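K.L.:
Sequence plus the predicted model coming up.
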Amino acid sequence: MDQMPVVPAGMRVHLVNPSDLSFGTAVITPRWLYVLAAATPTAFGDPVICDETLEALDPSTMAPGDIVGIGIHTGNALRGYEVGKLARERGAWVIYGGIHATLYPDEAIELGGGHAVVKGDGDVVWADALYDCVRSSPLAVYEGGRIDADQFVPARWDLMPQNRYMWASVQTVRGCAKHCSFCSVWRTDGQKPRQRASDVVIHEIVELRRRGFRFIALADDNFYPVTLTDLRLARQQGNAARIEELENTREERFILMQRLSELPHDMVFFTQITMEAAEDTEFLDAMQRARIRGALVGVESVTAEGLKTVFKDFNLSGDNLARRLQTFRDHGVHVLGSFIFGLSSDRPDTFAATAEMAQKAGVTFAQFVMMTPFPGTVDFQKWEQTVSPETVDDIPITRYWLIPSHRRPKMFTPHPTMSSDEIRERTQGVWDDFYSLSAIWQRSRCVKTMKARVAFVLISRLYRQMYARTGISTDSARKKKSNWLARAIARPCRMLFQAEPMPDLKLPISSTAAPEMASASGRS
Ligand code: B12
Ligand code: SF4
């Protein structure tokens, strides 16, 4: 193995999470910043972390010879490229990573001033890229690949700024076995769930609670990686190896949930899960005991045709859908329903039907997103092949993220019967109705005290305002007001989430006694 070069004194590593808008306060920690900080060898010292959703980058902090790591998804790629060019002008080494750079490494190098791109998981390969910069010979591309769960690096929460985030984020599983047409996760992160051992997850969560975080987002693609149907099918096929694998994965979920239930009782968790979990009430009850109080459920469409278009026919529609979503709530798990508008099967009455379903199914929060072809998805691939070679300011719309946001079209996939404006206006209408003060106040009955109801109203409004800025509205006055409101609500909201630090909190005793866990949970 090559000798590691000596890191020059004064050479610093910067990690930048790009954003055009900075609110001073943010909802969820961008986990990659703290994971890459932990993956940075100690010889480089502590990285300088800049999350632009809090504050814009001060370029003067970057000196010649420093190394600047920039993480981009499609939505913030353009700002990321600006940051990269600034860093390069200042003589720094520029390395990109994240989902968008993984899919478009050449773009990050050509348009973002990148010296190198890390594709896939950065946990292991980041150190190689850093040492190569010290040698002044970084490779153009590092293949981070899909590492095993036991190689995931726990985050460096000691580097997180104080009193800035409402929720911290801890990942428990990566990858998803499904294959929805609008989602890139199964293609980039793989269909085999990579599940972290409960010990490492609990260690991170305990550290966060010691620091005063009681709300934790489980940054998982799908918290329910093994369904009862998967098990049934494997048993029918008599596939012993598969049965064992599925049962172990499922058992580990229960162990994790049991351990979460042993943490301080003021802790609250939130995750993302498929609707199929509703058929598994044993799982839902374990979630309730673990205080996983909320879950984002991708409902996508309320019609069977809509579900078929997005390859999600494992979801239900109609009354069965309402019952499934209600089951979550009956078992103490609040649903953030995620709906997509603009599918080819949507018609003008789909909007009202969706709003009605959200109401009927008793979802606590909802998001209504317009169909966007994200790179790496089946939908994008089809769209890229069929769309006419339209450009905006000489930029093909198949690279829409490079078009400045005020010039960017709001919808890309032509609809057979509705115009983009009609879809946008109707979508906006559903948001406005669902988040009207009277509707929020009614939903706030799901919490008990008056203080909690007020908190519920504030959080609902914040959620709505933050989404309004993501581009549904083209009306700039409305956007301005929305940003102002989001900023005003964000601070009091954060105070509501804050807890007294518990510096002496011990790991739950059973965290060191894994084999006993299943029996302790009373499960067979
Ligand atoms: C949790 C999550 C959320 C949370 C929290 C977001 C947050 N503040 O962290 C919530 C629910 C709020 C959310 C919202 C959205 N999300 Co989201 N989210 C995720 C999810 C499930 C996990 C992200 C995570 O924290 N992972 C853990 C960290 C450690 O992994 P990582 O970020 O991938 O970083 C690793 C590597 O990528 C790499 N890396 C990353 N950055 C860098 C930088 C450098 C320099 C290097 C070397 C390496 C490197 O190394 C890291 C460690 O291995 C991902 C799916 C996924 N599997 O990535 C989707 C995902 C990122 N989200 C996605 C989308 C589309 C959205 C929304 C637009 C959804 C919507 N319709 O509104 C919004 C946009 C929010 C925003 N403006 O940022 C897409 C992005 C697709 C794309 N091409 O950009 C993803 C990939 C899911 C999908 N369906 O395809 N999201
Ligand atoms: S949308 Fe959800 S269920 Fe579908 S592939 Fe992506 S992560 Fe899996």
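P.N.:
Good, I have the coordinates. Ligands and ions are numbered 1, 2, ... in the order given.
K.L.:
now check the helix or strand containing residue 422, is it near ligand 1?
P.N.:
If you go by DSSP states H and E, residue 422 is part of helix 420-434. No - Helix 420-434 does not reach ligand 1 (C-beta under 6 Å from any ligand atom); its nearest approach is 12.1 Å. C-beta coordinates here come from the backbone N, C-alpha and C atoms, glycine included.
K.L.:
Show me what that helix is packed up against.
P.N.:
strand 334-341, helix 348-360, strand 365-370 (3 or more C-beta pairs under 8 Å, 6 or more residues apart in numbering; DSSP states H and E).
K.L.:
Next one: the residue nearest the centre of the chain from ligand 1, what distance?
P.N.:
For the chain, the residue whose C-alpha lies nearest the mean C-alpha position (C-alpha atoms, centre = their mean) is residue 219; its distance is 5.7 Å. Taking C-beta to the nearest ligand atom, to the nearest Å as the measure, residue 219 falls 4 Å from ligand 1.
K.L.:
so that residue makes contact with residue 31?
P.N.:
Yes - between residue 219 and residue 31 there is a contact under C-beta atoms under 8 Å: 5.3 Å.
K.L.:
list the residues that contact both of the two?
P.N.:
169-171 (C-beta atoms under 8 Å, 6 or more residues apart in numbering).
K.L.:
where does the stretch 351-500 of the chain have low pLDDT?
P.N.:
Where the stretch 351-500 of the chain drops to pLDDT under 70, the residues are 467-482.
K.L.:
Equivalent analysis for the chain, please.
P.N.:
Within the chain, the stretches with pLDDT under 70 are 1-2, 467-482, 510-524.
K.L.:
near ligand 1, which residues of it?
P.N.:
So the chain meets ligand 1 at 28, 30-32, 35-36, 69-71, 73-75, 95-100, 118, 121-123, 126, 169, 171, 174, 183-185, 189, 219, 221, 369, 374-376 (C-beta under 6 Å from any ligand atom).
K.L.:
What residues are bridge-paired with the closest residue to ligand 1 within the stretch 51-200 of the chain?
P.N.:
As assessed by C-beta to the nearest ligand atom, ligand 1 sits closest to residue 97 within the stretch 51-200 of the chain, at 2.1 Å. Residue 97 forms beta bridges with residue 71, as assigned by DSSP bridges.
K.L.:
what's the spacing between it and residue 141?
P.N.:
From residue 97 across to residue 141, the span is 11 Å (C-beta to C-beta, to the nearest Å).
K.L.:
Compare neighbour counts for these two and give me the winner.
P.N.:
Neighbour count, other C-beta atoms under 10 Å: between residue 97 and residue 141, residue 97 has more, with 29 against 17.
K.L.:
dump the residue contacts of the more buried one.
P.N.:
Contacts of residue 97 (C-beta under 8 Å, 6+ apart): 32, 36, 69-72, 117-119, 122, 126, 144.
K.L.:
Quick check: the gap between it and residue 377.
P.N.:
Taking C-beta to C-beta, one finds residue 97 at 20 Å from residue 377.
K.L.:
Pull the number of nearby residues for residue 198.
P.N.:
Look at residue 198: counted by other C-beta under 10 Å, it has 22 neighbours.
K.L.:
On the three-state scheme, the nearest residue to it once chain neighbours are set aside is what?
P.N.:
Nearest residue to residue 198, sequence neighbours excluded (C-beta to C-beta, 6 or more residues apart in numbering): residue 256, at 4.1 Å. On the three-state scheme (DSSP: H, G, I helix; E, B strand; the rest coil), residue 256 is labelled helix.
K.L.:
for the shared contacts of residue 219 and residue 31, which one is nearest ligand 2?
P.N.:
Nearest to ligand 2 among the shared contacts of residue 219 and residue 31, with distances taken as C-beta to the nearest ligand atom, is residue 171, at 13.1 Å.
K.L.:
Does that closest one touch residue 222 like I think?
P.N.:
No - with contact defined as C-beta under 8 Å, residue 171 does not reach residue 222; the gap is 11.8 Å.
K.L.:
What separation do you get for the closest residue to residue 497 other than its chain neighbours and ligand 2?
P.N.:
Excluding the flanking residues, the one nearest residue 497 by C-beta to C-beta, 6+ apart is residue 166, at 4.2 Å. Separation of residue 166 from ligand 2 (C-beta to the nearest ligand atom): 23 Å.
K.L.:
Checking residue 166 next. Helix, strand or coil?
P.N.:
strand.
K.L.:
can you count the residues close to it?
P.N.:
21.
K.L.:
likewise residue 281?
P.N.:
Residue 281 has 12 neighbours, counted by other C-beta under 10 Å.
K.L.:
Then the one 10 residues further on?
P.N.:
Around residue 291 sit 19 other residues, with neighbours defined as other C-beta under 10 Å.
K.L.:
quick one: it and residue 495, what's the gap?
P.N.:
From residue 291 over to residue 495 the distance is 21 Å, taken as C-beta to C-beta.
K.L.:
Where does the closest residue to residue 435 other than its chain neighbours fall, secondary structure wise?
P.N.:
Closest residue in space to residue 435, ignoring its immediate chain neighbours: residue 464 at 4.0 Å, by C-beta to C-beta, 6+ apart. Using DSSP H and E, residue 464 maps to helix 450-467.
K.L.:
on that earlier part again, among the residues of the chain next to ligand 1, which are in reach of ligand 2?
P.N.:
183, 185, 221.
K.L.:
sorry, back to before: need the overlap of contacts for residue 97 and residue 141.
P.N.:
Joint contacts of residue 97 and residue 141 (C-beta under 8 Å, 6+ apart) are 117-119.
K.L.:
Those residues into a markdown table, with extra columns for secondary structure and neighbour count?
P.N.:
A markdown table is the format used below for the shared contacts of residue 97 and residue 141 (DSSP: H, G, I helix; E, B strand; the rest coil; neighbours: other C-beta atoms under 10 Å):
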| residue | secondary structure | neighbour count |
| --- | --- | --- |
| 117 | strand | 28 |
| 118 | strand | 27 |
| 119 | strand | 20 |
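K.L.:
from the residues you listed, which is closest to ligand 2?
P.N.:
Out of the shared contacts of residue 97 and residue 141, the member with the shortest distance to ligand 2 (by C-beta to the nearest ligand atom) is residue 119, at 19.6 Å.
K.L.:
you'd agree that closest one is up against residue 144?
P.N.:
Yes - Residue 119 is in contact with residue 144 according to C-beta under 8 Å; the separation is 5.8 Å.
K.L.:
and residue 366, bridged to which residues?
P.N.:
In beta-bridge terms (that is, DSSP bridges), residue 366 pairs with residue 337.
K.L.:
measure it to residue 218 for me?
P.N.:
Residue 366 is 20 Å from residue 218, by C-beta to C-beta.
K.L.:
which of these two has more neighbours?
P.N.:
Counted by other C-beta under 10 Å, residue 366 and residue 218 do not tie: residue 366 has more neighbours, with 25 against 22.
K.L.:
so who does that one touch?
P.N.:
Contacts of residue 366 by C-beta under 8 Å, 6+ apart are 336-339, 358, 434.
K.L.:
if I pick residue 492, what's in contact with it?
P.N.:
By C-beta under 8 Å, 6+ apart, residue 492 lies in contact with residue 458.
K.L.:
first to last residue in stretch 96-115, what's the distance?
P.N.:
8 Å (C-alpha to C-alpha, to the nearest Å).
K.L.:
For that stretch, buried residues please.
P.N.:
The neighbour-count check on stretch 96-115 (16 or more other C-beta atoms under 10 Å) flags 96-105, 107-109, 111-115 as buried.
K.L.:
quick check, residue 346 in a strand?
P.N.:
No - applying three-state DSSP, one finds residue 346 to be coil, outside a strand.
K.L.:
tell me the contacts of it?
P.N.:
Residue 346 neighbours (C-beta under 8 Å, 6+ apart): 301, 306, 415, 418, 423.
K.L.:
any idea which of those residues has the most stuff around it?
P.N.:
residue 301 (26 neighbours).
K.L.:
Excluding residues flanking it in the chain, which one is nearest it?
P.N.:
residue 307 is the one closest to residue 301 (C-beta to C-beta, 6+ apart), at 5.2 Å.
K.L.:
Helices of the stretch 1-150 of the chain, residue ranges please.
P.N.:
Remark: helices assigned in the stretch 1-150 of the chain by DSSP state H, counting those that start in this stretch are 31-39, 77-89, 99-103, 105-111, 126-134.
K.L.:
Good, wrapping up.
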